[in-house]
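S.K.: Give me a 3D structure for the following:
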Amino acid sequence: MTVSFRALGREESEALLARNHVGRLAFLSEDHQVDIAPISYIFAAGMIHGRTAAGTRLSAVAHRPWVAFEADEVKGPLEWRSVVVRGTIFRLDPDHDASAYAETLALIRAALPAALTPDDPTPARDILFRIDVGVITGRAAEDR
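M.R.: This next block holds a predicted model:
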């Protein structure tokens, strides 16, 4: 068995992001520690869209909005693909940018129709955000 490693192109990287809906958000916490948290997301229109609850994570990125985001597809220890996005996270406010808020809400509801309704299974996650993708890189390991 021979394993080869290669870079993923932008198109392959974006396809991986679009196929998946759980990734990890890395950010600098309020106490200046690097933190990482799993999040559900939707990748569309070149941006990562998601929702979260009020709290420490949101407070931290309000002051330092530069984040990294990673999503993976793993078939085994020597067969995987990984994409890392570096960008800026923005909290969406329906009063300041109604169209961006409505776009993200529609994307989230396409995956979870009850989002932000009385039947929402995670009602505390009532804050919408998006990550504007700055740099995207991907790597793959493949059994040859």
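S.K.: show me where the protein has helices.
M.R.: Under the criterion DSSP state H, helices of the chain are mapped to 10-19, 56-63, 98-111.
S.K.: now what about the last one, what contacts it?
M.R.: Where contact means C-beta atoms under 8 Å, 6 or more residues apart in numbering, the residues beyond helix 98-111 that reach it are 21, 42, 44-45, 49-51, 92-94, 115-116, 128-130. For every residue, glycine as well, the C-beta is placed using N, CA and C.
S.K.: can you give me the strands for the protein?
M.R.: With strands called from DSSP state E, the chain shows them at 3-8, 22-28, 34-40, 42-44, 47-52, 66-76, 79-91, 127-143.
S.K.: I'd like those as CSV, with mean pLDDT appended.
M.R.: Formatted as CSV, the strands of the chain follow (pLDDT from 0 to 100):
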stretch, mean pLDDT
strand 3-8, 93
strand 22-28, 92
strand 34-40, 91
strand 42-44, 96
strand 47-52, 94
strand 66-76, 94
strand 79-91, 95
strand 127-143, 93
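S.K.: Put together TSV for those strands, with mean neighbour count and distance to Asp120 on each row.
M.R.: Compiled in TSV, these are given as follows (neighbours: other C-beta atoms under 10 Å; distance: least, C-beta to C-beta, whole Å):
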stretch	mean neighbour count	distance to Asp120
strand 3-8	12	35
strand 22-28	17	18
strand 34-40	13	13
strand 42-44	21	16
strand 47-52	23	10
strand 66-76	15	23
strand 79-91	18	18
strand 127-143	17	13
